[in-house]
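K.L.:
quick one, structure for this:
(2 chains)
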Amino acid sequence: DTAVSQTPKYLVTQMGNDKSIKCEQNLGHDTMYWYKQDSKKFLKIMFSYNNKELIINETVPNRFSPKSPDKAHLNLHINSLELGDSAVYFCASSQFTRGAGVQYFGAGTRLSVL
Amino acid sequence: LAKTTQPISMDSYEGQEVNITCSHNNIATNDYITWYQQFPSQGPRFIIQGYKTKVTNEVASLFIPADRKSSTLSLPRVSLSDTAVYYCLVGGNRDDKIIFGKGTRLHILP
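P.N.:
Residues are numbered from 1 along each chain as shown, chains lettered A, B, ... in the order given. A predicted model of the protein is given here:
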């Protein structure tokens, strides 16, 4: 069983569309994260949820909206996609919040906006 | 805010021991040091975590001096499959940001 799974693995779409990426973890962790890794490979945290509550919300356009229906799921919805949104998006989970929590990452979703 | 500095890239040969050092001069008392490995087209993978002195697991060792202002990830007898980007992350259970830094691109040569 994959510990942290994301779907889809690849997402190709047109500018202006709305898309969602789903994430599920079966580790029983309380905290989940979304990261964006751009073409220069910088890994930047976007959001963090602890037990369905938003903990970290970095400077991310409000076109990005995370949703956590339960502590095992953290989905990312993106409205009005722009070219600059093209990147790899990683979901992760950890037992503890903040930097001391060992994080387990999904395989990533490669988003290409045309 | 615990910022980290690592070499951008390193080359080594199969069978060698590789040491990657991370500087974190403003590490806080409650901060832990965690290292991750990332292969192309994969998510980062946890390698090792420590607070002080030395930690060893089946994959690597982590050396942390007494002042904790730096740490060294040691990979024994590397192979081609250890070619990856290695990230040093410093943080604790405080209201701080999680910053991965730019990582060190390790290239193992035959």
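K.L.:
dump the residue contacts of the residue nearest to A:Asn79 when sequence neighbours are not counted.
P.N.:
Of all residues not flanking A:Asn79 in the chain, A:Arg63 sits nearest, at 4.5 Å (Cβ to Cβ, 6 or more residues apart in numbering or on different chains). (C-beta placed from N, C-alpha, C; glycine too.) Neighbour list for A:Arg63: A:Ile78, A:Asn79, A:Ser80, A:Leu81, A:Glu82 [criterion: Cβ atoms under 8 Å, 6 or more residues apart in numbering or on different chains].
K.L.:
any idea how far chain B is from A:Arg63?
P.N.:
21 Å (Cβ to the nearest Cβ, to the nearest Å).
K.L.:
list the contacts for the spatially closest residue to B:Ala66 that is not a sequence neighbour?
P.N.:
Spatial nearest neighbour of B:Ala66, excluding adjacent residues (Cβ to Cβ, 6+ apart): B:Lys52 at 7.4 Å. For B:Lys52, the contact set (Cβ under 8 Å, 6+ apart) comprises B:Ile64, B:Ala66, B:Arg68.
K.L.:
helix or strand for the second one, which one?
P.N.:
It refers to B:Ala66. In the assignment (DSSP states H and E), B:Ala66 maps to no helix and no strand.
K.L.:
what pLDDT does it get?
P.N.:
Listed pLDDT for B:Ala66 reads 96.
K.L.:
how deep is it tucked in, by neighbour count?
P.N.:
7 (other Cβ atoms under 10 Å in any protein chain shown).
K.L.:
beta partners for the closest residue to chain A within chain B?
P.N.:
At 1.3 Å from chain A, B:Gly91 is the closest residue in chain B, using Cβ to the nearest Cβ. Beta-bridge partners for B:Gly91, by DSSP bridges, are B:Tyr32.
K.L.:
my read: it touches B:Ile27, true?
P.N.:
No. B:Gly91 is beyond contact range of B:Ile27, at 9.4 Å (criterion: Cβ atoms under 8 Å).
K.L.:
low pLDDT regions in the chain?
P.N.:
All of this is about chain A. Scanning chain A with the threshold set as pLDDT under 70 gives A:1, A:97-100.
K.L.:
the intended chain is chain B.
P.N.:
Low-confidence segments of chain B, defined by pLDDT under 70: B:1-2, B:93-97.
K.L.:
near chain A, which residues of it?
P.N.:
Taking Cβ under 8 Å from any Cβ of the partner chain as the measure of proximity, chain B contacts chain A at B:2, B:30-32, B:34, B:36, B:38, B:41-46, B:49, B:85, B:87, B:89-100, B:102-103.
K.L.:
any idea which helix or strand carries the residue most central in space within chain A?
P.N.:
Among the residues of chain A, A:Trp34 comes closest to the average C-alpha position under Cα atoms, centre = their mean, at 2.9 Å. According to DSSP H and E, A:Trp34 maps onto strand A:31-37.
K.L.:
hmm, who's touching that strand?
P.N.:
Under the criterion Cβ under 8 Å, 6+ apart, residues A:23, A:25, A:43-51, A:55-56, A:66, A:68, A:71, A:73-74, A:76, A:87-97, A:101, A:103, A:105, A:108, B:98, B:100 lie in contact with strand A:31-37.
K.L.:
B:Gly91 and B:Ile27: who's more crowded?
P.N.:
More crowded of B:Gly91 and B:Ile27, by other Cβ under 10 Å: B:Gly91, with 25 against 22.
K.L.:
correct me, but B:Gly15 touches B:Val78?
P.N.:
Yes. Contact criterion Cβ under 8 Å: B:Gly15 and B:Val78 qualify, at 7.2 Å.
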